[in-house]
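Colleague: no sequence on hand, only this structure:
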């Protein structure tokens, strides 16, 4: 494998579901990699496939970032931790959902979210875990000790405990703060921003996206669809303000 030269970091998409329907991500440079989200339960083979393509394995994962507690992002965290021995960072506000002490609620943003919620798929329990590092509101966690130029930041709105990863102040992985595509996300129209099927606080989401954009981030990676350029995210921010004021 061609060695990546630090501090340049590459963001590799891990297709948990095809066509961008569910994405996880690997940040990769010469120091190893950071995994952002772990996908649904029992999908570690999807992650392993991308690791192998990069001539890496689970032992090269330095850190696992969980953007929020929904099953398609956190559902395989316990298994990936056991395979990699990497510490997990997540937000304290979502802790009761990670540990299974509390059942999550879901605020649908439209007909698909309401219909999807009725299937029970999003509410399925997954193997409980306790993050090794818990971010609190407004906190930031630098990634320099892991060999990466970036930080994990608190970005509430999709859930109260949502977090994002800023990479070299030019790219961001934002979980479900934003989506693109159709239905769950992905498939087609992936260059067009939209609200995800569930969202707790659209005003907070708009504020967090604006803060990230103001930091100079030009490319946004997300759990469903994408990636999106800054100009499309800014358009979505204005739309969210209208939703929040209704």
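Modeller: Looks like it arrived, so ask away. What you see is a predicted model, and the numbers here were worked out from it, not measured in a lab.
Colleague: from here on, just use CA atoms for contacts and neighbour counts.
Modeller: Will do.
Colleague: from residue 20, how far off is residue 52?
Modeller: According to CA to CA, to the nearest Å, residue 52 stands 20 Å off from residue 20.
Colleague: neighbour count winner among those two?
Modeller: Ranked by neighbour count (other CA atoms under 10 Å), residue 52 and residue 20 place residue 20 first, with 25 against 11.
Colleague: how about the contacts made by the more buried one?
Modeller: By CA atoms under 8 Å, 6 or more residues apart in numbering, the contact set of residue 20 is 185-187, 223-226.
Colleague: show me which pair in these is furthest apart.
Modeller: Within those, 187 and 223 form the most distant pair, 12.8 Å apart (CA to CA).
Colleague: common neighbours of the two, please.
Modeller: 20-21.
Colleague: neighbour-wise, which of those two wins?
Modeller: residue 223 (34 against 16).
Colleague: so how many other residues sit close to residue 238?
Modeller: Neighbour number of residue 238 under other CA under 10 Å is 12.
Colleague: now it. Nearest residue, chain neighbours left out?
Modeller: Nearest non-adjacent residue to residue 238, counting by CA to CA, 6 or more residues apart in numbering: residue 206, 7.7 Å away.
Colleague: surely the one you found meets residue 237?
Modeller: Yes: counting by CA atoms under 8 Å, residue 237 is a contact partner of residue 206 at 5.0 Å.
Colleague: looking at this, residue 62 is in a strand?
Modeller: Yes: when DSSP: H, G, I helix; E, B strand; the rest coil is applied, residue 62 is found to be in a strand.
Colleague: what's around it, how many residues?
Modeller: 19.
Colleague: measure it to residue 96 for me?
Modeller: Counting by CA to CA, the gap from residue 62 to residue 96 is 25 Å.
Colleague: point out where this protein drops to low pLDDT.
Modeller: Counting by pLDDT under 70, the chain has low-confidence residues at 1-7, 244, 246.
Colleague: where do the strands sit along it?
Modeller: 10-17, 22-29, 32-36, 61-65, 88-91, 133-135, 140-142, 150-154, 163-167, 171-173, 179-180, 193-194, 219-221, 228-229 (DSSP state E).
Colleague: residue 158 versus residue 214, what's the distance?
Modeller: In this view, residue 214 and residue 158 are 20 Å apart by CA to CA.
Colleague: quick one: the helices in the chain?
Modeller: Listed in chain order, the helices of the chain (DSSP state H) span 44-53, 71-74, 77-84, 95-98, 111-119, 202-214, 230-244.
Colleague: give the contact list for the residue minimising distance to the centre of the chain.
Modeller: Nearest residue to the geometric centre of the chain (CA atoms, centre = their mean): residue 175, 2.6 Å. Residue 175 makes contacts with 67-68, 162-164, 221-223, as judged by CA under 8 Å, 6+ apart.
Colleague: try it again with 6 Å
Modeller: 67, 222-223 (CA atoms under 6 Å, 6 or more residues apart in numbering).
Colleague: tabulate these (TSV), appending distance to residue 28.
Modeller: As requested, the contacts of residue 175 are exported to TSV (distance: CA to CA, whole Å):
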residue	distance to residue 28
67	18
222	17
223	18
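Colleague: which one of the residues you listed is nearest residue 82?
Modeller: Relative to residue 82, the closest of the contacts of residue 175 is residue 67; by CA to CA it sits at 18.9 Å.
Colleague: tell me the spacing between the closest one and residue 140.
Modeller: Taken as CA to CA, the span from residue 67 to residue 140 is 13 Å.
Colleague: out of these two, which sits in the busier spot?
Modeller: Per other CA under 10 Å, whichever of residue 67 and residue 140 has more neighbours is residue 67, with 32 against 15.
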